[in-house]
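Asker: I need the structure of the sequence given here:
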Amino acid sequence: MRHYELLVVVKPTLTVEELQAKLSFLKEILEKNGAVIAATLEMGTRKLAYQIDKFERGTYVVFYFTAPTAAIAEVERLIRITEEFIRFMTVKFENQKELRFWNKQVEKITKKSDVAPVVESKEIVEEQQATTEA
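Answerer: Numbers count the residues shown, from 1 in each chain. Next up is the predicted model:
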């Protein structure tokens, strides 16, 4: 199993539901081919460096995962035939320095995602306490 980073740029015209459907489709493809997704980072819609297929903006999403080498070819093939993906780039992390960077990125992303639900749950608890006191 090797460590990979997959950056995809999705059409900005997709609704939130359509975007989530495409991302779950991509996750399913990865998992069916033996990948274990460590972290996902949605970077939001950004201006592209140059116009691609008449789009000046794109929604960026990064997946950090481990997978067998053979899985990458199938994943890239399916991304190429799906029109909602404007561009993609797969990066393989091999040496120790690169693997340390990969691990840092995964830790950073998972810490961000772990912090947000805790704040929300505290707010919910405070609201519940306020309603029970009233």
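Asker: contacts, neighbours, all on C-alpha from now
Answerer: Fine.
Asker: So which residues of this protein form helices?
Answerer: 16-32, 69-81, 96-133 (DSSP state H).
Asker: The shortest one versus helix 16-32: what angle between them?
Answerer: Just to be clear, that refers to helix 69-81. When axes from the mean of the first three to the mean of the last three CA atoms, to 10 degrees is applied, the directions of helix 69-81 and helix 16-32 differ by 150 degrees.
Asker: Considering only helices and strands, which part of the chain has the lowest mean pLDDT?
Answerer: The weakest-scoring helix or strand in the chain, judged by mean pLDDT, DSSP states H and E, is helix 96-133 (a mean of 67).
Asker: list the buried ones in the biggest strand by length in the chain?
Answerer: For the chain, the longest strand by residue count, based on DSSP state E, is strand 36-52. Judged by neighbour count using 16 or more other CA atoms under 10 Å, the buried positions of strand 36-52 are 36, 37, 38, 39, 40, 41.
Asker: ok, so of these, who is nearest residue 23?
Answerer: Comparing the buried residues of strand 36-52 against residue 23 with CA to CA places residue 40 closest, at 9.7 Å.
Asker: in the sheet, who's paired with the residue most central in space within the chain?
Answerer: Here the mean C-alpha position of the chain is nearest to the C-alpha of residue 40 (CA atoms, centre = their mean), at a distance of 3.3 Å. Partner residues in beta bridges with residue 40: residue 63, with DSSP bridges as the criterion.
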